[in-house]
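Q: Prediction below, plus the sequence it came from.
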Amino acid sequence: MVSTMKELSDYDFFDPEFLVCPYEFYKLARERSPIMELPSPKANAKLFLVTRYDLAIEVLKDTSRFSSNFAALLVGQAEPDDELQLIYAQGWPQANTLLTADPPEHERFRSLVNKAFTSSRIEKMHDSIQQVVDESIDGFIDRGHCEFVSEFAVPLPVKVIAQQLGVPPADLPQFKRWSDAFIALLSHLISREQEIQCAKDVVAFQYYFRDVIESRQKQPQDDLITDLVNAKVAGERPLDMVELLSIIQQILVAGNETVTSAIAAGMLLLIKHPQQMELLQTDFSQLQNFVEEVLRLETPTAGMWRVVTRDTKLGDVEIEVGSLILVRFDAANRDPAKFAAGEGCDVRRPNASSHLSFGYGIHYCLGAMLARKEMHIAFQRLLLRLNNVRLAKDGYQYLPNVLMRSLKYLHIEFDKVA
Ligand code: HEM
């Protein structure tokens, strides 16, 4: 009899079709090779995939063995290109802040930026987030159907962040273009003409925010950008222009697509589990736990890089200095050793919030509180105002990507609650 059981070597991790549904592979990998060597994108560095919850935490906790300074990876192949360099020379240089910084530098950036991302600042955003949510729903509710990604999940975080960074509604289209340009540059999948356009967008973004920063320095307002610009910590130098621009850039990159992806994935999860949707509609007290379950199961930031700083051993695998580690949050989040029946969706799961979707340790997501608030308000208003939500004819499609899990589109139909 021929066995149909797949082997780990049968899977191609970088195959776009595979990336849409890697969970069978993860199950095998966690059991047989939780630190698995893969073909590396860099000739002189090995690449290891980490899929178990406990091992992911071991890597994320130990910043001296596993560095976040993977900026060289993110900026690409660094081939000298005169035209690009000329464009970038007109702006401010890129700095290594937060996401790609290691201790001790990371500590200074994080303590200053934490002054802006406080719970009272996020609490103050409640009404304006709800207003953005309701206006989006007003835009499609009478139609009985919509394309949920572009009509709801994309505009929500973009509008919320824009408001907090002092960008008026009239400038939203260019703000969204800048945000997309940063993401496109990270993808490495753009043509040279697109790269030139993205570089121009980056510089335009810098000049725009230089003006916003200077205006907040002179005239403080009640918003996040003012808190950021004026953040002070005893014994630390305040953030300078280059650092502020880098942090605002990271907020756009890290805070827009992730929230879009989480909200769209949450809606699809509800459609696939109508009983859970019904349960939430009758008992809103479970809503926060549902948000955690969406983050656990759909893990918008599916993985993140670390660079090995010295020869070391992880689990029982010897790893050379300079190797790359790809920590798979999406695999750890379904580890049955941590989450009972981890593949299933259960809005009442007692430990749903132990997921690693916001990372772990010193790089734990700066925007976690804001993301949770946006998701909570979004689902509360959607579940109150729409009934019988179902998939429409054109359905949905995922966008394959190694680091991000996101939906390209999601067509839904629903009944308007009278
Ligand atoms: C559902 C939405 C979100 C998800 C899934 C997410 C995920 C993550 C993850 C996994 C990390 C850790 C990366 C690492 O360890 O290398 C992280 C860090 C970060 N996130 Fe988020 N994020 C979300 C929303 C946001 C928002 C709304 C913002 C800002 C407004 C934001 C800003 C950041 C920043 C600046 C960092 C770097 C923090 C540091 O290195 O100290 N994120 N995020």
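A: It's in. Residues are numbered from 1 along each chain as shown.
Q: Name the helix or strand for residue 128, please.
A: Per DSSP states H and E: residue 128 is located in helix 126-140.
Q: How about the contacts made by residue 337?
A: Applying C-beta atoms under 8 Å, 6 or more residues apart in numbering to residue 337 gives the contacts 52-54. Heads up, the C-betas are built off the backbone N, CA and C, glycines and all.
Q: so it, which of the three states?
A: What DSSP: H, G, I helix; E, B strand; the rest coil gives for residue 337 is coil.
Q: now do residue 327
A: The three-state label for residue 327, taken from three-state DSSP, comes out as strand.
Q: Quick check: pLDDT value at it.
A: pLDDT for residue 327: 98.
Q: beta partners of it?
A: residue 50, residue 304 (DSSP bridges).
Q: pretty sure it is touching residue 59, no?
A: Yes - the criterion here is C-beta atoms under 8 Å, and residue 327 meets it with residue 59 at 5.4 Å.
Q: When those two are compared, which one has more neighbours?
A: Taking neighbours as other C-beta atoms under 10 Å, residue 327 and residue 59 compare with residue 327 leading, 25 against 22.
Q: any idea how far residue 102 is from that one?
A: Using C-beta to C-beta, to the nearest Å, we find residue 327 at a distance of 15 Å from residue 102.
Q: Just to check, residue 119 is in contact with residue 370?
A: No - contact between residue 119 and residue 370 fails when scored by C-beta under 8 Å: they sit 10.1 Å apart.
Q: More neighbours: these two, which one.
A: Just comparing residue 119 and residue 370: by other C-beta under 10 Å the higher neighbour count belongs to residue 370, 23 against 9.
Q: Helix, strand, or coil at the more buried one?
A: helix.
Q: what about the nearest residue in space to it that is not next to it in sequence, how many neighbours?
A: Take residue 370 and drop its neighbours on the chain: the residue closest to it by C-beta to C-beta, 6 or more residues apart in numbering is residue 122, 5.3 Å away. Residue 122: 20 surrounding residues under other C-beta under 10 Å.
Q: Against which helices or strands is the host helix or strand of residue 122 packed?
A: Using DSSP H and E, the element containing residue 122 is helix 119-124. Using 3 or more C-beta pairs under 8 Å, 6 or more residues apart in numbering; DSSP states H and E as the contact test, the elements touching helix 119-124 are helix 368-385.
Q: where does residue 36 land in three-state SS?
A: Per three-state DSSP, residue 36 ends up strand.
Q: Report the beta-bridge partner residues of it.
A: residue 49.
Q: what's near enough to touch it?
A: Contacts of residue 36 by C-beta under 8 Å, 6+ apart are 8, 29, 48-49, 51.
Q: who in the stretch 1-150 of the chain is up against the ligand?
A: Residues of the stretch 1-150 of the chain lying close to the ligand (C-beta under 6 Å from any ligand atom) are 68, 98-99, 110.
Q: And the strands in the stretch 251-400 of the chain?
A: Along the stretch 251-400 of the chain, counting by DSSP state E, counting those that start in this stretch, strands occupy 303-308, 312-314, 317-319, 324-328, 386-399.
Q: got these as a markdown table, with distance to the ligand columns?
A: Listed next are those as a markdown table, based on distance: least, C-beta to the nearest ligand atom, whole Å:
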| stretch | distance to the ligand |
| --- | --- |
| strand 303-308 | 4 |
| strand 312-314 | 16 |
| strand 317-319 | 18 |
| strand 324-328 | 8 |
| strand 386-399 | 15 |
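Q: Pick the most buried one from the ones you listed.
A: Highest mean neighbour count among the strands of the stretch 251-400 of the chain (mean count of other C-beta atoms under 10 Å): strand 324-328, with a mean of 24.
Q: Just list what it packs against, helices and strands only.
A: Where contact means 3+ C-beta pairs under 8 Å, 6+ apart, strand 324-328 is packed against strand 47-50, helix 53-61, strand 303-308.
Q: Report the angle between the last one and strand 324-328.
A: What it means is strand 303-308. 150 degrees (axes from the mean of the first three to the mean of the last three C-alpha atoms, to 10 degrees).
Q: can you give me the offset of the helix holding residue 128 from its chain's centre?
A: Centre-to-centre, helix 126-140 and its host chain are 22 Å apart (C-alpha atoms, centre = their mean, to the nearest Å).
Q: and if you look at stretch 153-171?
A: Computed by C-alpha atoms, centre = their mean, the separation of stretch 153-171 from the middle of its chain amounts to 17 Å.
Q: What are the buried residues along it?
A: Buried residues in stretch 153-171, defined by neighbour count with 16 or more other C-beta atoms under 10 Å: 153-167.
Q: just stretch 242-257 next, same as before
A: So for stretch 242-257, counting by 16+ other C-beta under 10 Å, buried means 243-257.
Q: Filtering those residues by proximity to the ligand, which remain?
A: When contact is defined as C-beta under 6 Å from any ligand atom, the buried residues of stretch 242-257 meet the ligand at 250-251, 254-255.
Q: returning to that earlier point: any shared contact partners between residue 327 and residue 59?
A: By C-beta under 8 Å, 6+ apart, residue 327 and residue 59 have these common neighbours: 50, 306.
Q: just for this protein, where's the confidence low?
A: By pLDDT under 70, the weakly predicted segments of the chain are 1-4, 72-79, 187-189.
Q: Give me the neighbour count for the closest residue to the ligand within it.
A: Distance from the ligand to each residue of the chain (C-beta to the nearest ligand atom) is smallest for residue 367, at 2.1 Å. Neighbours of residue 367 under the rule other C-beta under 10 Å: 21.
Q: Give me the nearest residue to it, chain neighbours excluded.
A: Spatially, and ignoring its direct neighbours in sequence, residue 367 is nearest to residue 255 (4.8 Å; C-beta to C-beta, 6+ apart).
Q: Same check on residue 44?
A: With sequence-adjacent residues excluded and distances taken as C-beta to C-beta, 6+ apart, residue 44 is closest to residue 322, at 7.0 Å.
Q: Run a quick neighbour tally on residue 39.
A: By the measure other C-beta under 10 Å, the count of residues near residue 39 is 9.
Q: Would you mind stating the distance between it and residue 13?
A: Distance of residue 39 to residue 13, given as C-beta to C-beta: 8 Å.
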